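Visitor: fold the following.
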Amino acid sequence: VYFNFYGTLGLLFRQLHEDVVLKLCALNFA
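Guide: Predicted coordinates:
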C-alpha cells in the first residue's frame with residue numbers, strides 16, 4: 001500500500017507537471 005501510494009502520487013505529479021509545461025509553452029508561443 002505504501003509503495004502503491006507513492007506510485008500513484010508520482011503519476012499525478014507527472015501529469016500535473018506535463019500540464020503546466022504545456023500551458024507555459026502555450027503562453028510562450030501565444
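
Visitor: how far away is Ala26 from Phe13?
Guide: Counting by C-beta to C-beta, to the nearest Å, the gap from Ala26 to Phe13 is 20 Å. All C-beta atoms are positioned from the backbone trio N, CA, C, and that covers glycine.

Visitor: try Val20
Guide: 10 Å.

Visitor: can you check Tyr6 too?
Guide: Distance from Tyr6 to Phe13, by C-beta to C-beta: 10 Å.

Visitor: and if you look at Cys25?
Guide: Relative to Phe13, and taking C-beta to C-beta, Cys25 is found at 19 Å.

Visitor: ok, Lys23 next?
Guide: Distance from Lys23 to Phe13, by C-beta to C-beta: 16 Å.

Visitor: who's in contact with Leu16?
Guide: With contacts taken as C-beta atoms under 8 Å, 6 or more residues apart in numbering, Leu16 has no neighbouring residues.

Visitor: check the offset of the helix or strand hosting it from the chain's centre.
Guide: According to DSSP states H and E, Leu16 maps onto helix 2-29. Per C-alpha atoms, centre = their mean, to the nearest Å, the displacement of helix 2-29 from the mean C-alpha position of its chain is 0 Å.

Visitor: that helix - what's its average pLDDT?
Guide: This predicted structure assigns helix 2-29 an average pLDDT of 89.

Visitor: can you point out the buried residues in it?
Guide: Within helix 2-29, no residue is scored as buried using 16 or more other C-beta atoms under 10 Å.
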